[in-house]
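K.L.:
using only what follows, build the 3D model:
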Amino acid sequence: MVRVVLGGTFECLHDGHRELINKAFELAGDGEVDIGLTSDEMANKRPRHVPDYNYRKEKLIEYIDEISKEQEYNIIKLNDPYGKTLTLDYDYIVVSPETYPVALKINSIRRDKNLKEIEVVKVEYVLAEDKKPISSTRIVEGEIDIHGHLKSGPGT
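P.N.:
Numbering: from 1, shown residues only. Next comes the predicted model:
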């Protein structure tokens, strides 16, 4: 059985996040996907308030229900950057360019523990209309919407 893992805060479930999730379910096939979702404690180390864990989890489940063909998945609360990747075996870890260094660190720690490395699958950024990456920061700041469409000004 193929096991795939990915993780994130999923502050605003935008098209970049959706690409990561889609790739994880595609790789898993009839296997299983573990999604690490950052805890409120971890998420709120950011300079801005992030929606609470249960809200972010609910939005994640809603999206997965739209795309998954009744595939097996688990949402795991992350209290550190590694989650279960240092103890469980996975075939793939799906990451963005931003989280790619974390995947390399995970594999480094796994090598030190004589564990099998996880194949890293890097999904490139999804670009907004202005050819810059879609990000939660840009969405929260009102530059773009979750699909990368530029907003024309305050209140639009």
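K.L.:
tell me which stretches of the protein form helices.
P.N.:
Secondary structure of the chain, counting by DSSP state H: helices at 15-28, 40-43, 53-67, 100-112, 136-140.
K.L.:
just the residues contacting the last one, thanks.
P.N.:
Helix 136-140 has contacts (Cβ atoms under 8 Å, 6 or more residues apart in numbering) with 9, 11-12, 14, 48, 128, 132, 144-146. For every residue, glycine as well, the C-beta is placed using N, CA and C.
K.L.:
using PDB, write out every CA atom in that helix.
P.N.:
As requested, C-alpha coordinates have been extracted for helix 136-140 and formatted as PDB (Å, rounded to 0.1, in the frame of the first residue of the first chain):
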ATOM      1  CA  SER A 136      -1.900  32.900   2.200                       C
ATOM      2  CA  THR A 137       0.000  36.100   3.100                       C
ATOM      3  CA  ARG A 138      -0.900  37.700  -0.200                       C
ATOM      4  CA  ILE A 139      -4.500  36.600   0.200                       C
ATOM      5  CA  VAL A 140      -4.800  37.900   3.800                       C
END
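K.L.:
buried residues, that helix. List them.
P.N.:
Within helix 136-140, the residues that qualify as buried are 136, 138-139, counting by 16 or more other Cβ atoms under 10 Å.
K.L.:
hmm, back to that, out of the helices of the chain, which is the most enclosed?
P.N.:
Greatest average neighbour count among those goes to helix 15-28 (a mean of 20), per mean count of other Cβ atoms under 10 Å.
K.L.:
residues in contact with that one?
P.N.:
Contacting residues not belonging to helix 15-28 are listed as 2-6, 8, 10, 33, 35, 60, 63-64, 67-68, 71-73, 91-92, 94-96, 121, 123, 125-126, 133-135, 146-148 [Cβ under 8 Å, 6+ apart].
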